[in-house]
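Participant: Provide a 3D model corresponding to the input given below.
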Amino acid sequence: MSYVHAKKIADIAQAPDARKAIQKAAGDLSDIEVLFNHVLVGIYFRPEKTAGGIIRPADNVKEDQFQGKCGLVLKKGPMAFVDDDTNQFHGQNVSVGDWIVFRVGDGWSITVNDTPCRLLEDTNVRMKIGNPLTVL
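Facilitator: Just a heads-up that it's a prediction; the model follows:
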C-alpha cells in the first residue's frame, strides 16, 4: 500500500464529514466514464475513534477496505437503475452522493486516484441509507 493510499484511508477515517472526505480523496473523476449498469462507490471507513472513545488500531481501520459494507456513490453508468427485460426497479434509484449498502463479496475492488472503491452492478446495491454509521 502506497503512502498516499494509506494517508487517504486515515483522512477518511478521521474526517468529521466522511462524504466530503471520500469525494476529496477520489478527486477529479471527469475523465472516468462508468459504463453499462455499474455504480462506482467510494468505500466508507468507520471513524478511527469509536462512539465509546476507543481508538481503533490502524490495521483495523484499513480492514474496512476489504470488509466494508457501506460506501458513497461517486458515479453511475448510463444504464444503472434503468428498467429492462431482466430487472424492474419500480422507480428505485440512487444518486451521486448517496450512501449505499452492499454485500462485501459483490463488485470489483478497485483503487481510483489512490482511493479504495468498488464497482458494483446496480442490482448489487442492497439499501440506500442516510448515515453510514447505521450499518456496521
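Participant: residues near the closest residue to N131 other than its chain neighbours, how many?
Facilitator: For N131, ignoring the flanking residues on the chain, the nearest one in space by Cβ to Cβ, 6 or more residues apart in numbering is W99 at 7.1 Å. In short, each C-beta sits where N, CA and C put it, glycine included. Residues near W99, counting by other Cβ atoms under 10 Å, number 23.
Participant: go on, E48?
Facilitator: 18.
Participant: who's in contact with it?
Facilitator: 10, 13-14, 55-56, 61 (Cβ atoms under 8 Å, 6 or more residues apart in numbering).
Participant: for V125, give me its contacts.
Facilitator: 39, 94, 100-102 are the contacts of V125 under Cβ under 8 Å, 6+ apart.
Participant: does it have beta-bridge partners, and which?
Facilitator: Beta-bridge partners for V125, by DSSP bridges, are F102.
Participant: export the helix or strand where F66 lies as PDB, just CAs?
Facilitator: Assessed by DSSP states H and E, F66 sits inside helix 64-67. Presented in PDB, the C-alpha positions along helix 64-67 are these (Å, rounded to 0.1, in the frame of the first residue of the first chain):
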ATOM      1  CA  ASP A  64     -12.800  -1.600   6.100                       C
ATOM      2  CA  GLN A  65     -11.200  -1.500   2.600                       C
ATOM      3  CA  PHE A  66     -11.900  -5.200   2.300                       C
ATOM      4  CA  GLN A  67     -14.800  -5.800   4.700                       C
END
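Participant: beyond it, next helix or strand please.
Facilitator: The helix or strand immediately downstream of helix 64-67 is strand 70-76, counting by DSSP H and E.
Participant: what lies in contact with that next one?
Facilitator: Residues outside strand 70-76 that contact it (Cβ under 8 Å, 6+ apart) are 18-19, 22-23, 26, 29, 32, 34, 38-44, 94-102, 112, 117-118, 122, 129, 132, 135.
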